[in-house]
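[1] for reference, the sequence and a predicted model appear below.
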Amino acid sequence: MRRRPRAPAPAAAGRAGVAGGPAVTVEPKPPEPDGDPAPARVPGFDEVYRRFAPVVHGIALARVGPHDADDVTQEVFVAIHAGLARVRDAAALPGWVCAVARNTATDWLRRRARRTVPVCPAVEQVADPQPADLAGRELPERILALVRTLPDAYRETLVLRLVEGLTGPEIAERTGMTHGSLRVNLCRGMALLRPLLREEGWP
């Protein structure tokens, strides 16, 4: 009875697998990483204020209007100063700053609603600014009044772009929005705003 031939042993690493065939080289496995990279450093308060002041002010304008926006902005940065040490990763900073601004504006509106009292018409007439006083700010305030009638998602991005003067990349970087979401919000917001501007007599 014939014996069956044995199967050939596998070629050693770096040698030909078949006589006359190409050499087979086994690459060493790269070393496993030690762990997740360390989170980016969170900047100090001065840098946070410099980077995010227009964003915070824009959110305040969009939510509480021009008369209270400065006060709300100040409250937001008081809260940011108190809580900044709890932010461990710079990547989370834009979303956290915007959340603080929105929450502060919402609280301000609640307090304002509780303390609002009717004003005598005569007082309103005295308090109204004269047309000459409005010359420098009529344009942005009229636009802002129309923008504030839009849904929140479009309102904030349009205020940051049209009133605060931030570019698209600046808005994305300082709010944590993706560039795609930002473009959608700006395009849809402008589509809603243009008919309102035409009704007001704007070209």
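    That came through, no problem.

[2] who touches the lengthiest helix in the chain?
    Longest helix of the chain, by residue count under DSSP state H: helix 93-115. Helix 93-115 has contacts (Cβ atoms under 8 Å, 6 or more residues apart in numbering) with 42-43, 48, 52, 55-56, 59-60, 63-64, 68, 71-72, 75-76, 79-80, 83, 87, 173-176. Backbone N, C-alpha and C define where each C-beta goes, glycine included.

[3] in the chain, where is pLDDT below threshold?
    1-38, 116-140, 203 (pLDDT under 70).

[4] quick one: the helices in it?
    Here the chain has its helices, by DSSP H, at 45-64, 69-83, 93-115, 121-127, 131-134, 138-147, 152-158, 168-175, 179-199.

[5] buried ones in the second one, by neighbour count?
    So the one you mean is helix 69-83. Buried residues in helix 69-83, counted by 16 or more other Cβ atoms under 10 Å: 69, 72-73, 75-77, 79-80.

[6] repeat for the longest one
    Buried residues in helix 93-115, counting neighbours by 16+ other Cβ under 10 Å, are found at 93-94, 96-98, 100-102, 104-105, 108.

[7] now those residues as CSV including distance to V147?
    Formatted as CSV, these follow (distance: Cβ to Cβ, whole Å):
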residue, distance to V147
L93, 26
P94, 22
W96, 25
V97, 21
C98, 17
V100, 22
A101, 17
R102, 16
T104, 20
A105, 15
W108, 19
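
[8] closest to L197 among these?
    A105 (24.9 Å; Cβ to Cβ).

[9] perfect, that will be all.
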